Each structure stands twice: as C-alpha cells, then as structure tokens.
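Q: return a 3D structure for these sequence lines:
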Amino acid sequence: MTFGLWRIAVDRAATERAYANISVAGPDRCDCAYCRNFAAVRDRVYPPEALDLFARLGINARYEAEVVDYHTVTPDDHRRLIGGWFHFVGTIEEGPDGVYEPLVVGFDVGFTRRVGLVEQAFAGQQVAQVEFLTHVSWVLDEPDPD
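A: Take a look at the predicted model:
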C-alpha cells in the first residue's frame, strides 16, 4: 500500500483479528481529564479520510493505543492539540519515520517504526504505528485543567 510519503506492507486481516481482541482503548483506561475529554469527542475527531485510511490498515478507530494532550490551545477557538496512535500488523517499507503529513486541513498523519504501548493482542507480530495530530474542543462539564 502506498500512502503519501510512505510505502507500507500491511496484513489487514491480522490487524483486524488483533483489534477484535482489544476490549478497552488506551484513553478509556485513563481517568485524567484530557483522556476523558478525548473519549467524549472521539466520534467527531476522525474525518472520513482518516477512517478510510484506518480501514485500509485494518484498524478499529475506537481503540487508540494512546492519546496525548500537548497542552497547546488555539487562541481563536480554544481547541486543544491532541496526538495519538494506533498499531497495525505490517512494516514501513519506505518513507520517513515519525514525520507528519496533512491528510485534510486540521488532521495530520504519520507512520513510525518506533512503537509504544502495544497491546498483547499484537504479540508475536511485526507491528508499525500510525500517528495523528489534530485539535479537539473541550466538552466536559468541568474546567479545562490548563
């Protein structure tokens, strides 16, 4: 599969099997306000183009390995910069490691061989990571911690 700057070898079926064995997403395991806020907006975070990419990789978009709040807030609309990642069974054959490219305005993706927080469901398989950066609104009925 070729995507942007990358050529990726992916085993979609193996990735789908792994996701079928994950019961709780990374952000849903955490009780911090940032993860709870992300979980509350998750259904509005991913543009159709991202969901299409994830589907091509076999990724279930409800099961992020992790999300990170970068404590950066846009001055105009007070949205927070959030990053996160998913794993897939496969390898990055060509392309830069850890570089982001715009998928659509306001949603960037990148791929890396440096994986973190890999679920047991992927054990024994060659795994790579797709990462994203985007902005989300604060929607919780509690003050933004920043």
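
Q: now do the contacts for the most centrally placed residue in the chain.
A: Nearest to the mean C-alpha position of the chain, counting by CA atoms, centre = their mean, stands residue 85 at 3.1 Å. Residues in contact with residue 85 (CB atoms under 8 Å, 6 or more residues apart in numbering) are 64-66, 116, 129-132. For glycine as for every other residue, the C-beta is placed from the backbone atoms N, C-alpha and C.

Q: hmm, try it at 10 Å
A: By CB atoms under 10 Å, 6 or more residues apart in numbering, the contact set of residue 85 is 26, 64-68, 109-112, 115-117, 129-132.

Q: and it, what element?
A: According to DSSP states H and E, residue 85 maps onto strand 80-94.

Q: so what touches the helix or strand that comes right after that strand?
A: Proceeding N to C from strand 80-94, the next assigned helix or strand is strand 99-104, under DSSP H and E. Residues external to strand 99-104 that are found in contact with it (CB under 10 Å, 6+ apart): 3-6, 46-50, 52-53, 83, 95, 107-112, 131-134.

Q: thinking again about what came up before, neighbouring strands for the strand holding residue 85, and are they parallel or not?
A: When pairs are called by DSSP bridges, strand 80-94 turns out to pair with strand 6-10 (antiparallel), strand 66-73 (antiparallel), strand 127-136 (antiparallel).
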